[in-house]
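Q: Build the 3D model from these lines:
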Amino acid sequence: MKCDVYLTFDGNCEDAMLFYQDIFDGEFRVLMRYKDGPPEYISSPEIENKIMHVTMTFGKGCELKASDSFHQPLNKGNNFNISFLADDDAQAQAVFNGLSEGGTIIMLYEEVFWGGKFGNIIDKYGIQWMVSYDENEVN
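A: Sure thing, here's the model as predicted:
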């Protein structure tokens, strides 16, 4: 299993990640724009070139993930998630179910267009979690 921080920006994700790439000598492993996803993910033409998801690797096993988010106002404290990648689907489902108890499900844990399964929760302590499993990402 693997756990990372996931940053959320309100339109300047690309600028921020290029800044971090320069500082950490990082490499973008994944870079997906809103125009690369289903049309319903584009709420206005202005966001089609914004970042839907980026993963940057650097150092010895370090990874930083991020996106631009336009579905909620961002405030200090809600602009990051803990991203949990499970070893298998059963583990992901168990973690999702556990974190959901007393919390709020933002997105059900289910198959997603980019591959694998994904779910998003705010746990009962107000911490935002992204739970995923993709057999192609598990070492």
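
Q: Quick check: chain neighbours aside, which residue is closest to Gly115?
A: In space, Gly115 comes closest to Asp134 once its chain neighbours are excluded; the distance is 5.4 Å by CB to CB, 6 or more residues apart in numbering. Every C-beta, even on glycine, is put in place using the N, C-alpha and C of the backbone.

Q: element containing the residue nearest to Tyr109 when sequence neighbours are not counted?
A: Spatial nearest neighbour of Tyr109, excluding adjacent residues (CB to CB, 6+ apart): Gly119 at 3.0 Å. Per DSSP states H and E, Gly119 falls inside strand 117-122.

Q: That strand - contacts with which helices or strands?
A: helix 89-100, strand 104-111, strand 128-133 (3 or more CB pairs under 8 Å, 6 or more residues apart in numbering; DSSP states H and E).

Q: mind checking which of these is nearest Gly61?
A: strand 128-133 (18.0 Å; CB to CB).

Q: Grab the nearest non-local neighbour of Lys2.
A: Leu85 is the one closest to Lys2 (CB to CB, 6+ apart), at 4.3 Å.
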